[in-house]
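Novice: could you look at this predicted model? Sequence included:
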Amino acid sequence: MTRKIIISLMAIFFVMVFSGLSTADGPEGNKRKGKYTYRAVYKQCAKRGEVKEKKPSINPSDKTMEQWKRVFDKKAFDVFKCKEEWDALSEADLLDIYTYLYNGAADSPTPAKCK
């Protein structure tokens with residue numbers, strides 16, 4: 001009985017440690033909200049006429065995690081166009097978009113493309 005408890009506790013410990021390691025380095029925003037907000041920026045920008053497509057021109061998998069980190073550290077949002085919409089975003093929205101792009105980067109475990 002004690003052997004089963006010890007093995008169970010060790011298993012729980014390892015799951016907690018390794019799940020914490022996989023998310024420790026990345027941003028802590030809401031990636032689902034970030035995906036929605038990222039797409040909404042382009043829809044608004046297309047309405048205004050600055051871009052032709054409502055769909056974002058840059059996919060999360062177009063850059064590596066480190067490249068996304070640099071873009072958001074430097075606040076170099078000119079790569080996205082739609083300056084007016086990007087300037088209007090709150091810090092929380094930027095964190096959510098960063099989380100979405102970072103987690104879907106080319107070198108992430110689950111690269112993503114906007115569809």
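Specialist: That came through, no problem.
Novice: what is the burial count for Glu66?
Specialist: By other C-beta atoms under 10 Å, 11 other residues sit near Glu66. Any C-beta I mention is one placed from the backbone N, CA and C, and that applies to glycine too.
Novice: oh, that last question was meant for Phe80, not what I typed.
Specialist: Using other C-beta under 10 Å as the criterion, the residues surrounding Phe80 number 19.
Novice: what do you get for Asp78?
Specialist: Count around Asp78 with other C-beta under 10 Å applied: 10.
Novice: mind checking how far it is from Gly104?
Specialist: 21 Å (C-beta to C-beta, to the nearest Å).
Novice: and Arg48, what does it touch?
Specialist: By C-beta atoms under 8 Å, 6 or more residues apart in numbering, Arg48 lies in contact with 84-85.
Novice: how much space between it and Lys33?
Specialist: The value you get for Arg48 to Lys33, if C-beta to C-beta is used, is 22 Å.
Novice: and if you look at Asp78?
Specialist: Taking C-beta to C-beta, one finds Asp78 at 23 Å from Lys33.
Novice: what's the nearest residue to the residue sitting nearest the centre point of the chain if we skip its chain neighbours?
Specialist: Closest to where the C-alpha atoms of the chain average out (C-alpha atoms, centre = their mean) is Tyr100, at 1.9 Å. Spatial nearest neighbour of Tyr100, excluding adjacent residues (C-beta to C-beta, 6 or more residues apart in numbering): Gly34 at 3.2 Å.
Novice: from what I can see the one you found touches Tyr98, true?
Specialist: Yes. Counting by C-beta atoms under 8 Å, Tyr98 is a contact partner of Gly34 at 7.0 Å.
Novice: who's in contact with Tyr98?
Specialist: Contacts of Tyr98 by C-beta under 8 Å, 6+ apart are 27, 29, 34, 68, 72.
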